[in-house]
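A.B. asks: everything below, folded, please.
(chains A, B, C, D, E, F, G and H)
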Amino acid sequence: MQPSLEIKLNGKPRQVQAGANLAELIEELGLSGAAVAVERNQKLVRSREHSAIRLEDGDAIEVVTLVGGG
Amino acid sequence: MQPSLEIKLNGKPRQVQAGANLAELIEELGLSGAAVAVERNQKLVRSREHSAIRLEDGDAIEVVTLVGGG
Amino acid sequence: MQPSLEIKLNGKPRQVQAGANLAELIEELGLSGAAVAVERNQKLVRSREHSAIRLEDGDAIEVVTLVGGG
Amino acid sequence: MQPSLEIKLNGKPRQVQAGANLAELIEELGLSGAAVAVERNQKLVRSREHSAIRLEDGDAIEVVTLVGGG
Amino acid sequence: MSDPRSVPAHESDATLDVGGVSLRSRLLVGTGKYASFEETRDALEISGSDCVTVAVRRVNLDASQGPSLLEFIDRSRYHILPNTAGCFDASSAIRTAELARAILDTPLVKLEVLGDPRTLLPDPIGTLEATRELVAQGFQVLVYCSDDPRLCARLEELGAASVMPAGSPIGSGQGILNPNALRIILELVKLPVIVDAGVGTASDVAIAMELGAAGVLLNTAIAGAREPLRMAAAMRDACKAGRQAFLAGRIPRKLYANASSPLEGTIAQSGGAGP
Amino acid sequence: MSDPRSVPAHESDATLDVGGVSLRSRLLVGTGKYASFEETRDALEISGSDCVTVAVRRVNLDASQGPSLLEFIDRSRYHILPNTAGCFDASSAIRTAELARAILDTPLVKLEVLGDPRTLLPDPIGTLEATRELVAQGFQVLVYCSDDPRLCARLEELGAASVMPAGSPIGSGQGILNPNALRIILELVKLPVIVDAGVGTASDVAIAMELGAAGVLLNTAIAGAREPLRMAAAMRDACKAGRQAFLAGRIPRKLYANASSPLEGTIAQSGGAGP
Amino acid sequence: MSDPRSVPAHESDATLDVGGVSLRSRLLVGTGKYASFEETRDALEISGSDCVTVAVRRVNLDASQGPSLLEFIDRSRYHILPNTAGCFDASSAIRTAELARAILDTPLVKLEVLGDPRTLLPDPIGTLEATRELVAQGFQVLVYCSDDPRLCARLEELGAASVMPAGSPIGSGQGILNPNALRIILELVKLPVIVDAGVGTASDVAIAMELGAAGVLLNTAIAGAREPLRMAAAMRDACKAGRQAFLAGRIPRKLYANASSPLEGTIAQSGGAGP
Amino acid sequence: MSDPRSVPAHESDATLDVGGVSLRSRLLVGTGKYASFEETRDALEISGSDCVTVAVRRVNLDASQGPSLLEFIDRSRYHILPNTAGCFDASSAIRTAELARAILDTPLVKLEVLGDPRTLLPDPIGTLEATRELVAQGFQVLVYCSDDPRLCARLEELGAASVMPAGSPIGSGQGILNPNALRIILELVKLPVIVDAGVGTASDVAIAMELGAAGVLLNTAIAGAREPLRMAAAMRDACKAGRQAFLAGRIPRKLYANASSPLEGTIAQSGGAGP
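C.D. replies: So this is what the prediction gives:
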């Protein structure tokens, strides 16, 4: 059985496989190609870097999109 | 038994003795000397004339005073 | 020499031939067919009656038109 | 003849005796005891220190008082 | 000036002369809607007014007669101005005025001829008619009316003693909704112009007086306040303040600044930039 | 209530406590632009104020020293509030405050850091900077500022003794241009809020006080009036009127009517129609 | 909705039916004070109005007759509404209306009976008299009047086709000085209420329409603008905007905020404080 | 002029150039609070705007992903202006701007740093800080701010692309509460000034534009109207009307009259009195 680690995703705890990268997380969420942007520990991660960023235990990940606003 | 007649006093029907004058009505109402003024059939009757005015059947009598107002 | 009479036309005195009618005055003023209306002595005279109205000494005639206004 | 030095007093150049202190300047201006306050080179000098402060060439001195204001 | 406190000249002001009476205070107050006659009396006193309005109503014959309002109004101190409130035609208003005169023996009347019970706004036709008739009968007619300047001019022609345009509808508390109309009335009319109705709070009174009104009449704004006696004091002071400000001649309005402290003589600016 | 005249309770009101001093009057007045020191003194006296502002300026060394303003202000009677008017950066304002304190030995200062000499509107950055520094130096800082509610909240956080939002630009005489902003400031800020600048006439003071301001500071509106002493009296009364009206609780505003005289009990209407 | 651009329903609106005519535009425009008849014609066209006012005046007999205004108004396109401007009594106004009808063969008349030449405000007595008489003569009388609600109600009783209260005095450019009065008129009167006089700029028209006016009549605001044709376009759009806004039902007013962006779902606040 | 209808010159107007983009419409609209994305799309289209705001929020991971707002905004037609609504400190706002740029690949951002969740009024300190940082990062920063003129001047100094003062608090529907402040901002600042927040109805937009604003941004006033699509049309027309009126040069305001019909040449007055 593979070890897992816990991150905070959009403010809520979530278990992810150890060794997973950001691109894999986005895909798992069904958001590949969607109009979203991602922050890791309060720093923007550009999409071309998503596969290079390996998730670490305790990471705070924000995945945001655009909604109606004024 | 004395005949009576009906007048309208402040909008309501009232029986008064035939032959009664206005001064007698005012006295009967307990208003002699009070700060009131009297109208008979939409015409002011000055107080010095009250005893000279005999009430007639169907007379419309208004007895008014002063109240708070702006 | 023909006798003349004096009327007041739009507030100013004017000599006209005795016997002239309103239609003739309008024509003399070059206003036949123009968009004007005529009053004689503060009473409107409809255009179909102009030739029937003989001017009299002292007549006050108003000839008006439409101008810009708000 | 005593050497003099040039200070800026309330924005204008002024010659003062070399070695003079602030208290002497104030006195020369006729302002001893007046309701004034003094700054030297943009720093407040409290009145009890006036006699201890020797003027130097190029000093910017401000002597201010209170006037009407809102 | 040696002692400003003792110089009444700065605050003195001619009386308001209207309808043959001479009032020291320019605040006229109503007597309606108070919790008790005692409160009425105290509010009148604190207000500093010397002219109070009252209404004419049928004696309630079903109840035993309690104390009368008049017992709480010292007639040596207050002029009483009866109104014709509640009348919706000229004829009722005229009758009401006559009844009031019979009780009070005063020629003064505040004429109200209202148009409808919902808005209580004055009916111009009935008001003009009743004014003509009451003037003919020798009344001193203070006329409650709209702020229509030419209506006020017509009332003056008819011999009214005062025109009393509403700042806003009776009891609405909206103050002076159209100061421009009031300004024009004050230009057109030589009579005392007394703003009647619509006052909500003290500044409304001050504004009316600053525009040049001769006086202000109010009732609900005091009687309906949470603390009527305190509001009576506020109205008294606001009336004086507005009158004095009118006489004192206010500064003009500008888009922006005009320094109150001198701009020259500041210490050298730190950055050298300065103004 | 047996004698309303003797019941000060109805008009009494707690003092305005600000910056460690306790003021009986809620009107603060400036001393600029008067025709003479005598007029200044008399206007202060009539105004009833017990806190007056002064400016700091270079001694005029070219002229012989005449009488000083301070000789005309009785310090046993008035708190003196020096201002930093004319300063266009935080540093000048801080220096000016220190100079004033050296003369007057008071911790009070009315901080003004202005943005430009044309509008004399306050610079928010310089104002925030200078407030922080002066508070650190132990001053009681009454801060002249815009009516931006969150700026006022920031000044409170920095330890200001009072925020003094402008009703409208200094000397503009436009009164309270944005009552809504003042209302929000009064909700957000627990400090005394003193409206400073913009007052044109008495009703402006009354309006500020009715909104709940703790006080009003003005200068040009009195000094620039045609009759300054009369206007001083007007301002005194308007300040009291507005405060009392605030405390008394005004009636609500309505579209229309609410009769002050009873609607029942009128005589039978002539036409039979009636209300 | 598949194609919002093609959905006229959202902007369509019933015509303004008044005095027996049916107007597509709710903007009525005057023809006075233009630099030339060409400019008049172009301004009318750009304004989108289909009802234009004209005045009745003596023919100038001293000058040779140039082109007439009527040549520049296409009567197949515009309803012409003659006015009685310049009349200071009922009788002159009635005569003027009759003269206009004789020229134009229209029952429409905009009645003006003015009180004095300085203010040009309407005289209520003359206006009521002339309305009664002109209605009796079969005119469709659109009555210029003050914003006195009960006067408007009286004019409706007399059979007027429309009441046309002034927003502010003729040519004053002050807009709608008393929106409250207009609101009450709209409650009391079932006739089309057309705001006449006082408009200064486009927003004044929008405000009148948003209050629920059936239309707006203006002249000087276009003719006296620096660029009349551009202002004609502005007025056209403002009238439509105000009408649509009235029909669309505006949001209520609040003291403060109501977020347009959602408040939930923001990223974790840096300081951890957050809302 | 031969055919006024075809003369676009009278209504043409330069584009609004801001932040490197060129907008044909001066109305900027938000996308919040609509009943559906379809309604959002239709309202944008009817409004005529070519710049729309959006907010940045966490993806809702608990729900299956439905259609996205972006599918309803044709980016070939609209510039998208992401906002930082909901941020209460500079750092969150900067992070939010970066996230938006990553999604949209636009340098544009509408910066909001709010002071508290109750009033949603902007915090001046956080706003200044975030503006400085975002400008340094190459953003085109359109800054939501208060109507404090010197704050706007400071934002211009920091390199903002536009200042966007609130007419009144977000969603309050109170319109332009302080036109005087806006006038001064327009004098002090050379940047495009876009009024943001507070619009309640069409006339509010017209008023802002008549004062000289470069544009108006609104959201709730359309989305919260009873009929949003109709209100979108009203706002479109009001924006054009206000802009044209500004350019056309309005008539001045006067106390009273200025006749639009000529005063000479009226018929002889019946009573002989006349004007």
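A.B. asks: ok, which stretches of chain E are strands?
C.D. replies: E:16-18, E:21-23, E:27-30, E:51-58, E:79-82, E:108-111, E:140-145, E:162-165, E:194-196, E:215-218 (DSSP state E).
A.B. asks: near chain G, anything from stretch E:253-273?
C.D. replies: No - using Cβ under 8 Å from any Cβ of the partner chain, stretch E:253-273 never reaches chain G; the gap is at least 15.3 Å. No exception for glycine: its C-beta is placed from N, CA and C like everyone else's.
A.B. asks: now that stretch: how far from the chain's centre is it?
C.D. replies: Here stretch E:253-273 shows a centroid-to-chain-centroid distance of 43 Å under the convention Cα atoms, centre = their mean, to the nearest Å.
A.B. asks: that one close to chain F?
C.D. replies: Yes - using Cβ under 8 Å from any Cβ, we find that stretch E:253-273 touches chain F at E:253-267, E:269-271, E:273.
A.B. asks: B:Leu44 is in contact with E:Glu98, correct?
C.D. replies: Yes - at 4.5 Å, E:Glu98 counts as touching B:Leu44 under the criterion of Cβ atoms under 8 Å.
A.B. asks: what do the two both touch?
C.D. replies: Residues touching both E:Glu98 and B:Leu44 (Cβ atoms under 8 Å, 6 or more residues apart in numbering or on different chains) are B:Ala37.
A.B. asks: now the strands of chain E in a markdown table, with distance to H:Arg236 and mean pLDDT?
C.D. replies: Converted to a markdown table, the strands of chain E look like this (distance: least, Cβ to Cβ, whole Å; pLDDT from 0 to 100):
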| stretch | distance to H:Arg236 | mean pLDDT |
| --- | --- | --- |
| strand E:16-18 | 55 | 96 |
| strand E:21-23 | 57 | 97 |
| strand E:27-30 | 51 | 98 |
| strand E:51-58 | 53 | 97 |
| strand E:79-82 | 56 | 98 |
| strand E:108-111 | 51 | 98 |
| strand E:140-145 | 44 | 98 |
| strand E:162-165 | 41 | 98 |
| strand E:194-196 | 43 | 97 |
| strand E:215-218 | 46 | 98 |
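A.B. asks: can you put those strands in CSV and add distance to chain A?
C.D. replies: Below are the strands of chain E laid out as CSV (distance: least, Cβ to the nearest Cβ, whole Å):
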stretch, distance to chain A
strand E:16-18, 55
strand E:21-23, 57
strand E:27-30, 49
strand E:51-58, 52
strand E:79-82, 56
strand E:108-111, 53
strand E:140-145, 47
strand E:162-165, 44
strand E:194-196, 43
strand E:215-218, 44
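A.B. asks: to chain C, which of the ones you listed lies closest?
C.D. replies: strand E:162-165 (27.2 Å; Cβ to the nearest Cβ).
A.B. asks: which helices and strands does the closest one pack with?
C.D. replies: strand E:140-145, helix E:149-157, helix E:179-188, strand E:194-196 (3 or more Cβ pairs under 8 Å, 6 or more residues apart in numbering or on different chains; DSSP states H and E).
A.B. asks: sorry, back to before: take the strands of chain E and write them to CSV, including mean neighbour count and distance to A:Pro13.
C.D. replies: Formatted as CSV, those follow (neighbours: other Cβ atoms under 10 Å in any protein chain shown; distance: least, Cβ to Cβ, whole Å):
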stretch, mean neighbour count, distance to A:Pro13
strand E:16-18, 19, 79
strand E:21-23, 16, 79
strand E:27-30, 30, 70
strand E:51-58, 27, 74
strand E:79-82, 22, 78
strand E:108-111, 29, 77
strand E:140-145, 27, 73
strand E:162-165, 28, 71
strand E:194-196, 29, 69
strand E:215-218, 28, 66
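A.B. asks: longest strand of chain A?
C.D. replies: strand A:60-68.
A.B. asks: name the residues of that one that are buried.
C.D. replies: Buried positions in strand A:60-68, judged by neighbour count with 16 or more other Cβ atoms under 10 Å in any protein chain shown: A:61-68.
A.B. asks: packing partners of that strand?
C.D. replies: Strand A:60-68 packs on strand A:4-9, helix A:22-28, strand A:36-40, strand H:51-58, helix H:90-104, going by 3+ Cβ pairs under 8 Å, 6+ apart.
A.B. asks: ok, and what's touching the second one?
C.D. replies: When you say that, I think you mean helix A:22-28. A:9, A:16, A:32, A:36, A:38, A:40, A:45, A:49-51, A:53, A:55, A:61, A:63.
A.B. asks: kindly report the same for the shortest one.
C.D. replies: Under the contact criterion Cβ under 8 Å, 6+ apart, strand A:36-40 has outside partners A:22, A:26, A:44-45, A:47, A:50, A:53, A:59-65, G:267, H:56, H:59, H:95, H:98-100, H:102-103.
A.B. asks: quick one: distance of that strand to the chain centre.
C.D. replies: 7 Å.
A.B. asks: same deal with stretch E:198-206?
C.D. replies: 10 Å.
A.B. asks: where does the stretch 51-200 of chain E get nearest to chain C, residue-wise?
C.D. replies: Using Cβ to the nearest Cβ, E:Arg150 is the residue of the stretch 51-200 of chain E that sits closest to chain C, at 18.9 Å.
A.B. asks: okay, now the closest residue to that residue other than its chain neighbours: neighbour count?
C.D. replies: Excluding its sequence neighbours, the residue lying closest to E:Arg150 (Cβ to Cβ, 6 or more residues apart in numbering or on different chains) is G:Gly115, at 3.6 Å. Number of residues near G:Gly115 (other Cβ atoms under 10 Å in any protein chain shown) recorded here: 23.
A.B. asks: my guess is E:Ile176 contacts E:Ala208. True?
C.D. replies: Yes - between E:Ile176 and E:Ala208 there is a contact under Cβ under 8 Å: 5.6 Å.
A.B. asks: list residues touching both of the two?
C.D. replies: In contact with both E:Ile176 and E:Ala208: E:167, E:182, E:195, using Cβ under 8 Å, 6+ apart.
A.B. asks: got the residues of the stretch 51-200 of chain E near chain A?
C.D. replies: Counting by Cβ under 8 Å from any Cβ, no residue of the stretch 51-200 of chain E sits close to chain A.
A.B. asks: what's the local residue count around the residue in the stretch 51-200 of chain E that chain A sits nearest to?
C.D. replies: In the stretch 51-200 of chain E, no residue comes nearer to chain A than E:Gln174, which is 32.4 Å away by Cβ to the nearest Cβ. Neighbour count for E:Gln174, taken as other Cβ under 10 Å: 21.
A.B. asks: and the one 5 residues further on, by the same measure?
C.D. replies: Using other Cβ under 10 Å, the number of residues around E:Pro179 comes to 17.
A.B. asks: grab the nearest non-local neighbour of it.
C.D. replies: E:Leu211 (5.8 Å).
A.B. asks: repeat for E:Asn178
C.D. replies: E:Asn178 sits nearest to G:Asn178 (Cβ to Cβ, 6+ apart), 4.3 Å away.
A.B. asks: repeat that for E:Ala43.
C.D. replies: E:Ala232 (4.4 Å).
A.B. asks: now the one you found: how far from chain B?
C.D. replies: 14 Å (Cβ to the nearest Cβ, to the nearest Å).
A.B. asks: low-confidence ranges in chain E?
C.D. replies: E:1-12, E:270-275 (pLDDT under 70).
A.B. asks: state which helix of it is the longest.
C.D. replies: Taking DSSP state H as the criterion, chain E has its longest helix at helix E:228-248.
A.B. asks: what's next to stretch A:7-21, contact-wise?
C.D. replies: By Cβ under 8 Å, 6+ apart, stretch A:7-21 touches A:2-6, A:25, A:28, A:50-63, G:268, H:58-59, H:61.
A.B. asks: about what we covered before: my read: the residue nearest to E:Asn178 touches G:Pro149, true?
C.D. replies: No - here G:Asn178 lies out of contact with G:Pro149, judged by Cβ under 8 Å, at a distance of 10.2 Å.
A.B. asks: need the buried residues of strand A:60-68 in JSON lines (columns: distance to G:Val21).
C.D. replies: As requested, the buried residues of strand A:60-68 are arranged in JSON lines below (distance: Cβ to Cβ, whole Å):
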{"residue": "A:Ile61", "distance to G:Val21": "69"}
{"residue": "A:Glu62", "distance to G:Val21": "64"}
{"residue": "A:Val63", "distance to G:Val21": "63"}
{"residue": "A:Val64", "distance to G:Val21": "59"}
{"residue": "A:Thr65", "distance to G:Val21": "55"}
{"residue": "A:Leu66", "distance to G:Val21": "51"}
{"residue": "A:Val67", "distance to G:Val21": "50"}
{"residue": "A:Gly68", "distance to G:Val21": "45"}
